[in-house]
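Student: Generate a structure from the sequence data that follows.
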Amino acid sequence: MSTRIAFLKGHGTENDFVIVPDPENALDLSPAAVAALCDRRAGIGGDGVLHVVRTAAHPEAAHLAGEAEWFMDYRNGDGSVAEMCGNGVRVFARYLQHAGHVTEGDLAIATRAGVKSVHLAKDGDVTVGMGSARLPEGEVTVSVGEHGWPARNVNMGNPHAVAFVADLADAGRLLDAPPVGPADAYPDGVNVEFVVDRGPRHVAMRVHERGSGETRSCGTGACAVAVAAARRDGADPAVTGTPATYTVDLPGGRLVITERPDGEIEMTGPAVIVAEGEIDAEWLENALR
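Tutor: The predicted structure is shown next:
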């Protein structure tokens, strides 16, 4: 291991990430190492790690090398692996632009949930093609304390339970994962969104992300919320042939989500590189003891 490891810090609507460039996949980012980096007091701090690897160099993504040059090896703040992170993809794309690997316009990024199409706009916003939503059958409930709500099961490459509530304060502190039933609905855990209406096709949300706790923003969660809200409102673009666009306010900012008639969901929002520096390898080794 080199004595120092390059890193950057970035965020998308305040969903923040430690970015670790590692084109040849030479670093062993164990779950414990990721958790140490994401520690907000003893480490750099972040909701997760964006491990930047050339697709051909990563065994999980090499089969996608013909479609995308770069693979987003995303890890949650507790070190666990995640299939997808919508805000993370935008920040990942912004890093690639910052590093000179890509320019404004269209690019493809490989993820564990497939290859995502990204557009870097001149105004600074980043649009990500998030794929289509799956709406598994079966009733799901979410509870906080003695209160419970029916929830919509939405899969955006990762699982979500979307509950519409009267007040976002109903979600409580969201330090721990809210109980979701039935117990076998989400065998690998779930992201839970609490949603209120702000106006026509305009909602606000809070989210508990599995492996990270409450975060300031969740891109896949915002997409899941928009789809759940559209179905609740009787809008299904595949049926009507008309796109459905929702504005989603999160604690860290605003995202605009559009579901097209072909099922593709597009998410548009900001992505910012905040700082860059070096991780001291001796510190990291000591943190893992």
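
Student: Please list all residues in contact with the spatially most central residue of the chain.
Tutor: Residue closest to the mean C-alpha point of the chain, counted by Cα atoms, centre = their mean, is residue 85 at 2.4 Å. By Cβ atoms under 8 Å, 6 or more residues apart in numbering, the contact list for residue 85 reads 15, 48, 72, 74, 219, 220. Quick note: C-beta positions are derived from backbone N, CA and C, even for glycine.

Student: measure residue 133 to residue 190 for me?
Tutor: Taking Cβ to Cβ, to the nearest Å as the measure, residue 133 falls 15 Å from residue 190.

Student: in the helix or strand of the chain with the lowest mean pLDDT, what's buried?
Tutor: The weakest-scoring helix or strand in the chain, judged by mean pLDDT, DSSP states H and E, is helix 281-287 (a mean of 88). Neighbour-count burial for helix 281-287, counted by 16 or more other Cβ atoms under 10 Å, picks out 284, 287.

Student: which strands and helices sit next to that helix?
Tutor: strand 4-12, helix 31-38 (3 or more Cβ pairs under 8 Å, 6 or more residues apart in numbering; DSSP states H and E).

Student: Throw those into CSV and include distance to residue 122, thanks.
Tutor: Formatted as CSV, the helices and strands packed on helix 281-287 follow (distance: least, Cβ to Cβ, whole Å):
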stretch, distance to residue 122
strand 4-12, 18
helix 31-38, 32
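
Student: So for residue 92, which of those sits nearest?
Tutor: strand 4-12 (8.6 Å; Cβ to Cβ).

Student: residues near residue 132, how many?
Tutor: Using other Cβ atoms under 10 Å, the number of residues around residue 132 comes to 18.

Student: Leaving out the residues flanking it, which one is nearest to residue 147?
Tutor: residue 170 (6.5 Å; Cβ to Cβ, 6 or more residues apart in numbering).

Student: Doesn't that neighbour lie inside a helix?
Tutor: Yes: under DSSP: H, G, I helix; E, B strand; the rest coil, residue 170 sits within a helix.

Student: does it really touch residue 145, like I thought?
Tutor: No: using Cβ atoms under 8 Å, residue 170 is not in contact with residue 145; the gap is 9.4 Å.

Student: out of these two, which sits in the busier spot?
Tutor: Set residue 170 next to residue 145 and count neighbours by other Cβ under 10 Å: residue 170 wins out with 15 against 9.

Student: Could you pull up the residues touching the more buried one?
Tutor: Shown in contact with residue 170 (Cβ under 8 Å, 6+ apart): 144, 147, 194.

Student: how about the helices in the chain?
Tutor: Along the chain, the stretches classed as helices by DSSP state H are 31-38, 86-98, 219-232, 237-240, 281-287.

Student: right, and those helices - which one's nearest residue 202?
Tutor: Closest to residue 202 of those is helix 219-232 (Cβ to Cβ; 9.3 Å).

Student: which parts of that closest one are buried?
Tutor: Counting neighbours by 16+ other Cβ under 10 Å, one finds that the buried residues in helix 219-232 are 219-231.

Student: Nearest to residue 7 among the residues you listed?
Tutor: Nearest to residue 7 among the buried residues of helix 219-232, counting by Cβ to Cβ, is residue 219 at 21.4 Å.

Student: For that closest one, which non-adjacent residue is spatially closest?
Tutor: Among residues not flanking residue 219 along the chain, residue 86 sits closest, at 1.9 Å (Cβ to Cβ, 6+ apart).

Student: I figured that neighbour hits residue 215, correct?
Tutor: No: in this structure, residue 86 is not within contact of residue 215 by Cβ under 8 Å, at 11.5 Å.

Student: out of those two, which sits in the busier spot?
Tutor: Between residue 86 and residue 215, counting by other Cβ under 10 Å, residue 86 is the more crowded of the two (30 against 26).

Student: Let's see the pLDDT reported for residue 11.
Tutor: Looking at residue 11, its pLDDT stands at 97.

Student: Enumerate every residue touching the closest residue to it other than its chain neighbours.
Tutor: Residue nearest to residue 11 in three dimensions, not counting chain neighbours: residue 272, with 5.6 Å by Cβ to Cβ, 6+ apart. Contacts for residue 272 (Cβ under 8 Å, 6+ apart) come out as 10, 11, 12, 91, 94.
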